[in-house]
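> no sequence for this one, just the structure:
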Ligand code: PSU
Ligand code: MN
């Protein structure tokens, strides 16, 4: 049963002319190509956080630091992005710099990928798009900051991140600090349940709230080591639930003071409504508002979040081997 599902997928990859064409659009960095050849542990990293989530020049510094942490933990970083119509799995130094500093880098979700490739454009990949490409490239572990989810007021705006539906269809273990606190966390947790996406807390029974250690919601499952997570990943394959992602929620250690957080969020939401921000501009707008209104405190916390997630993701990738 499990084998036939995998074979069906492999068959598709090998025989579909379109997919083969797509595969030839992938360029591996030298480091990632060597890691793939030697079956070494690899961790996928998204690039939207670099181009749209963090301000310059911290964005490039954080991206470099994240890659270093993953190497220090015995794995190889594969930052994923699209440059001039080519899907990159792993970026060379110059390419990472382009993602961080070029002004023509759009934010690509899964639905944008083919369009960007066909038109020869450049884009950073969201969690959804990164997870899709990583799965295609056979990379099973992914580190990010905070997942996208159901936005506040989604009952009217229908604004729900494609991160959720993407993760309900991919074999991926993703480490994050919960979902971004700018979202409707309760609704997002309900959607995760509906979509059958696995969810465990790392050393906690509380669902993390991105800038906050605790979002106010509890978690049924807790794990305490990378090895335990690897056991779950193996069990998923044996049971046939591997094509639904597993989220490892890793809380930030030093959180923002809650009343300060709530006040900055309230002014940010009011400002976004006043400025008529919607669609994919909402998340970058609110993150930027946080960074400015908190005098960089949210930037420091965001940086800590993703560094810690990179370390844990690398440990998981190593434990999986
Ligand atoms: N996590 C961060 N910073 C970010 C993001 C996640 O710490 O900038 C990005 C991810 O790429 C995620 C995206 O997929 O925000 C969600 O955007 P949207 O809500 O428009 O789907
Ligand atoms: Mn959206």
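The structure has been received and is ready for your questions. Given the structure is predicted, the values throughout are model-derived calculations rather than measurements. Ligands and ions are numbered 1, 2, ... in the order given.
> What residues of stretch 51-62 count as buried?
Under the neighbour-count criterion of 16 or more other C-beta atoms under 10 Å, stretch 51-62 has 51, 52, 53, 54, 58, 59, 60, 62 buried. C-beta coordinates here come from the backbone N, C-alpha and C atoms, glycine included.
> Can you give me the end-to-end span of it?
With C-alpha to C-alpha, to the nearest Å as the measure, the ends of stretch 51-62 fall 11 Å from one another.
> With stretch 110-127 instead?
Stretch 110-127 end-to-end distance (C-alpha to C-alpha) = 9 Å.
> can you tell me the average pLDDT over that stretch?
The predicted model assigns stretch 110-127 a mean pLDDT of 97.
> Check stretch 247-260 too.
In this model, stretch 247-260 carries a mean pLDDT of 96.
> Pull the distance from that stretch to the chain's centre.
The chain centre lies 17 Å from the centre of stretch 247-260; the measure is C-alpha atoms, centre = their mean, to the nearest Å.
> gap between the two ends of that stretch?
End-to-end distance of stretch 247-260 (C-alpha to C-alpha): 28 Å.
> In that stretch, which residues are buried?
Of all the residues in stretch 247-260, those buried under the rule 16+ other C-beta under 10 Å are 247, 248, 249, 250, 251, 252, 255, 256.
> okay, those residues in JSON lines with secondary structure and distance to ligand 1 next?
JSON lines is the format used below for the buried residues of stretch 247-260 (DSSP: H, G, I helix; E, B strand; the rest coil; distance: C-beta to the nearest ligand atom, whole Å):
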{"residue": "247", "secondary structure": "strand", "distance to ligand 1": "13"}
{"residue": "248", "secondary structure": "strand", "distance to ligand 1": "15"}
{"residue": "249", "secondary structure": "strand", "distance to ligand 1": "13"}
{"residue": "250", "secondary structure": "coil", "distance to ligand 1": "12"}
{"residue": "251", "secondary structure": "coil", "distance to ligand 1": "14"}
{"residue": "252", "secondary structure": "coil", "distance to ligand 1": "11"}
{"residue": "255", "secondary structure": "coil", "distance to ligand 1": "14"}
{"residue": "256", "secondary structure": "coil", "distance to ligand 1": "14"}
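> Among these, which one sits closest to residue 130?
The nearest member of the buried residues of stretch 247-260 to residue 130, counting by C-beta to C-beta, is residue 247 at 14.3 Å.
> near ligand 1, which residues of this structure show up?
Selection of the chain residues close to ligand 1 by C-beta under 6 Å from any ligand atom yields 46, 48-49, 52-53, 126-128, 144-146, 148, 161-163, 280, 283, 287, 302.
> Give me the subset of the residues you listed lying in helices.
Of those, the ones assigned to helices by DSSP state H are 48, 127, 128, 162, 163, 283, 287, 302.
> and the two most separated of those?
Across these, no pair lies farther apart than 162 and 302, at 21.2 Å, counting by C-beta to C-beta.
> Now tell me which helix or strand of this protein has the poorest mean pLDDT.
helix 2-15 (a mean of 41; mean pLDDT, DSSP states H and E).
> hang on, the earlier thing: which one among the buried residues of stretch 51-62 gets closest to ligand 1?
residue 53 (2.4 Å; C-beta to the nearest ligand atom).
> Return the residues in contact with that closest one.
By C-beta atoms under 8 Å, 6 or more residues apart in numbering, the contact set of residue 53 is 59, 145, 283, 284, 287, 302.
> Recalculate using a threshold of 6 Å.
Contacts for residue 53 were tallied using C-beta atoms under 6 Å, 6 or more residues apart in numbering; they are residue 287.
> So it versus residue 279, what's the distance?
16 Å (C-beta to C-beta, to the nearest Å).
> Please apply the same query to residue 191.
19 Å.
> Same question for residue 226.
37 Å.
> Could you do residue 155 as well?
17 Å.
> And the strands in this protein, which stretches?
Assigned by DSSP state E, the strands in the chain fall at 26-28, 42-45, 76-83, 86-89, 106-108, 123-125, 141-143, 173-176, 198-202, 206-209, 212-218, 222-223, 246-249.
> Including distance to residue 295, could the buried residues of stretch 247-260 go into CSV?
CSV is the format used below for those (distance: C-beta to C-beta, whole Å):
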residue, distance to residue 295
247, 31
248, 31
249, 27
250, 25
251, 23
252, 18
255, 16
256, 12
